[in-house]
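Peer 1: the following block contains a protein sequence and its predicted model.
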Amino acid sequence: MIDALMSSRHSLENSGLRPEALRRAPRSPIVAAATALAARFDFFAAARVGSVAALALALQVAAAAAGGPNVSHFTLENGLEVVVIPDHRTPVVTHMIWYKVGSADETPGKSGLAHFLEHLMFKGTAKNPAGRFSQALATIGGQENAFTTADYTAYFQRIAREYLPLVMEFEADRMTGLVLTDENVLPERDVALEEFNMRVANSPEARIGEQVAAALYLNHPYGRPVIGWRQEIEKLNREDALAFYRRFYTPNNAVVVVAGDVADDEVRALAQKTYGKVERVAEVPPRVRPQEPIPVAVRQLTMADPRVAQPNLQRSYLVPSSTTAKPGESEALEILAQVLGGGETSRLYRALVIDQHIATSAGGWYQGTAVDDTRFGVFASPLPGVTFEAAEAALDAVIAKVAESGVTAAELERAKTRLIADAVYAEDNQATMARWYGAAVTSGGSVEKVTSWPERLRAVTPEAVRDAARTWLDKRRSVTGYLVKELPGNQEKRS
């Protein structure tokens, strides 16, 4: 139930519709226009002849002509924020409630508490005992789930539009009415521990990622894993959960996002009738967390696990997020991640996998959505017989070349086209839109920041991308992790 920190590329989610229904569902005007225009281009042929700009222009024209959804944003008297994203193609609604609290807001020594409480939120209230909400959703053919990250916790339902009042009533009830006992808390702690075993303890890749993050953040709570450290999860109890719940689960610390076959005035009336009756139970201060000192040392770590089938290296840099960056910085980092590591046409993939034949995979990413400074990552998996030193030297050479010479006009346009296309096609999925807006608003952003994202991407210059590489991809700002089957010393002892 844990959602990893959101990647900078927002992938489309399962729509919840049957495949045949999904195929029949009419596309939004913006996507239909973009698709019609894009069909006139062979994208890869255009890239080969330097005509990516033409496709970018086509998508931009389509977006401008059709216009995006008329998103509204308002606040109730009790402080609850509401975002409404109309989508009238099918009589379906995605309802989400986001709380501005995640693992980075936990009390030191209580790691995993935000995620643990997410589990416990399904244990029922005095009005609606455990299981009633889920049973009601199953009866009407709805879907539900929840996820926790470092900065927020979210709960969502996908239902036919006529059942929106029902789910809003249920969510409003459990916002402050949760009933917890040792009988329902302690077994759920065992469930959280089993999830830890499944997602982390049994996954070498997850464990090395956990170690790299912990080493990167010397002072900030982003260094704590969202699921928690096992020895601290084992000690969580009812009192911990209730104290956390009463501190953060209050309407003035929540955002409701409704996407689908609804209108602003309709949602406004329903929100007032349901959530508007919930009184504030706490005054939540601004999130001021311990910040990182200026990085001064290159850090490396090696983890061995006999289950490793493919050794790999991964590196994380400490960089600004969309919230902490200066104007234009985060957008330049988005473009940089796309040029360096976005797929098989990226510089890292072409250099290490195609040209030099020293890796099976290579790429990069940027986690732009965060309250505080975030991570920019690169990775590579060396081919058998290729040392980490050789793979890392090749990776460093690619980064150094971008920092020195920047990116080409064709690379810049191709990256912009891909990222803007993501934004365009995201509008064809209401669940994706709900998550995009919800994550932004709960992480220090705004509705306006989401809607202006394509425009801000278009404004990025080659010089801005080069400067981002020079400034932020400094190895002193990084931690490099090496995942191996066994340590070199152990190999020597057995030989």
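Peer 2: Yep, that arrived. Worth saying up front: this structure is predicted, and the values here are computed from it rather than measured. Residues are numbered from 1 along each chain as shown.
Peer 1: list the buried residues of stretch 179-199.
Peer 2: Val179, Leu180, Val185, Glu188, Arg189, Ala192, Leu193, Glu195, Phe196, Arg199 (16 or more other Cβ atoms under 10 Å). Yep, even glycine has a C-beta here, placed from its N, CA and C like the rest.
Peer 1: ok, residues contacting stretch 260-267?
Peer 2: For stretch 260-267, contacts defined as Cβ atoms under 8 Å, 6 or more residues apart in numbering pick out 70, 72, 74, 82, 84-94, 161, 164, 258, 430.
Peer 1: swap the cut-off to 10 Å and go again
Peer 2: Residues from elsewhere that reach stretch 260-267 (Cβ atoms under 10 Å, 6 or more residues apart in numbering): 70-74, 82-95, 158-162, 164-165, 168, 256-258, 269-270, 430-431, 433-434.
Peer 1: quick one: it to chain centroid distance?
Peer 2: Stretch 260-267 has its C-alpha centroid displaced from the chain centroid by 26 Å (Cα atoms, centre = their mean, to the nearest Å).
Peer 1: then stretch 473-485?
Peer 2: Using Cα atoms, centre = their mean, the offset of stretch 473-485 from its chain centre is 22 Å.
Peer 1: mean confidence for it?
Peer 2: The predicted model assigns stretch 473-485 a mean pLDDT of 97.
Peer 1: quote the end-to-end distance of it.
Peer 2: 28 Å (Cα to Cα, to the nearest Å).
Peer 1: which parts of stretch 209-227 are buried?
Peer 2: 209-217, 220-227.
Peer 1: that older thread, now, the contacts of stretch 260-267 that are in helices?
Peer 2: Of those, the ones assigned to helices by DSSP state H are Leu164, Pro165, Met168, Ala269, Leu270, Gln430, Ala431, Met433, Ala434.
Peer 1: in TSV: the residues you listed, plus neighbour count.
Peer 2: Output for these, formatted as TSV (neighbours: other Cβ atoms under 10 Å):
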residue	neighbour count
Leu164	22
Pro165	14
Met168	21
Ala269	13
Leu270	20
Gln430	27
Ala431	22
Met433	25
Ala434	26
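Peer 1: make TSV from those residues and add pLDDT and distance to Ala362 to it.
Peer 2: Formatted as TSV, the ones in helices among the contacts of stretch 260-267 follow (pLDDT from 0 to 100; distance: Cβ to Cβ, whole Å):
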residue	pLDDT	distance to Ala362
Leu164	98	45
Pro165	98	50
Met168	98	46
Ala269	98	52
Leu270	98	49
Gln430	92	34
Ala431	93	31
Met433	95	31
Ala434	96	33
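Peer 1: which of the residues you listed lies closest to Ala370?
Peer 2: Using Cβ to Cβ, Ala434 comes nearest to Ala370 of the ones in helices among the contacts of stretch 260-267, at 19.0 Å.
Peer 1: thought that closest one was touching Val83?
Peer 2: Yes - here Ala434 reaches Val83: they are 8.2 Å apart, a contact under Cβ atoms under 10 Å.
Peer 1: overlap in contacts, those two.
Peer 2: Met96, Trp98, Val257, Val258, Ala259.
Peer 1: biggest separation within the residues you listed, which pair?
Peer 2: Checking those with Cβ to Cβ, the most distant pair is Trp98 and Ala259, at 12.7 Å.
Peer 1: so these two - more neighbours on which side?
Peer 2: Taking other Cβ atoms under 10 Å, Trp98 and Ala259 do not tie; Ala259 has more neighbours (29 against 26).
Peer 1: wait, that one touches Gly438, no?
Peer 2: Yes - counting by Cβ under 10 Å, Ala259 does reach Gly438; the two are 9.3 Å apart.
Peer 1: shared neighbours of these two, anything?
Peer 2: Shared contacts of Ala259 and Gly438, defined by Cβ under 10 Å, 6+ apart, comprise Val83, Ile85, Thr94, Met96, Phe156.
Peer 1: got a winner among those for most neighbours?
Peer 2: Result: Thr94 is most packed of those (other Cβ under 10 Å), 28 neighbours.
Peer 1: restricting to C-alpha, output stretch 117-125 in PDB.
Peer 2: Output of stretch 117-125 as PDB, limited to C-alpha atoms (Å, rounded to 0.1, in the frame of the first residue of the first chain):
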ATOM      1  CA  LEU A 117      -2.100   4.800  10.400                       C
ATOM      2  CA  GLU A 118      -3.000   4.500   6.700                       C
ATOM      3  CA  HIS A 119      -3.700   0.800   7.400                       C
ATOM      4  CA  LEU A 120      -5.700   1.600  10.600                       C
ATOM      5  CA  MET A 121      -7.900   4.100   8.800                       C
ATOM      6  CA  PHE A 122      -9.900   1.100   7.500                       C
ATOM      7  CA  LYS A 123     -10.800  -0.100  11.100                       C
ATOM      8  CA  GLY A 124     -14.000   1.800  11.300                       C
ATOM      9  CA  THR A 125     -15.800   4.400  13.400                       C
END
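Peer 1: buried residues in that stretch?
Peer 2: So for stretch 117-125, counting by 16+ other Cβ under 10 Å, buried means Leu117, Glu118, His119, Leu120, Met121, Phe122, Lys123, Gly124, Thr125.
Peer 1: what does stretch 256-271 give?
Peer 2: 256-262, 264, 266-268, 270-271.
Peer 1: which SSE is Thr480 in?
Peer 2: strand 478-484 (DSSP states H and E).
Peer 1: hang on, I meant Phe379
Peer 2: Per DSSP H and E: strand 374-382 holds Phe379.
Peer 1: coming back round to it: what's the closest of the ones in helices among the contacts of stretch 260-267 to Arg470?
Peer 2: Nearest member of these to Arg470, counting by Cβ to Cβ, is Met433, at 35.0 Å.
Peer 1: between strand 374-382 and the strand holding Thr480, find me the angle.
Peer 2: 30 degrees (axes from the mean of the first three to the mean of the last three Cα atoms, to 10 degrees).
Peer 1: where exactly do the strands run in the stretch 1-150 of the chain?
Peer 2: 72-75, 81-86, 92-99, 143-148 (DSSP state E, counting those that start in this stretch).
Peer 1: show me where the chain dips below the pLDDT cut-off.
Peer 2: Applying pLDDT under 70 to the chain flags residues 1-68, 490-495.
Peer 1: swap in 90 and give it another go.
Peer 2: 1-69, 422-428, 488-495 (pLDDT under 90).
Peer 1: secondary structure class of Gln310, three-state.
Peer 2: Recorded secondary structure, Gln310: coil (DSSP: H, G, I helix; E, B strand; the rest coil).
Peer 1: contact partners for it?
Peer 2: Residues in contact with Gln310 (Cβ under 10 Å, 6+ apart) are Pro204, Glu205, Thr360, Ser361, Ser381, Pro382, Leu383, Pro384, Leu483, Lys485.
Peer 1: quick one: buried ones out of those residues?
Peer 2: Buried among those (16+ other Cβ under 10 Å): Pro204, Ser381, Pro382, Leu383, Leu483.
Peer 1: ranges for the helices of the stretch 51-200 of the chain?
Peer 2: 52-66, 113-120, 132-139, 164-176, 182-196 (DSSP state H, counting those that start in this stretch).
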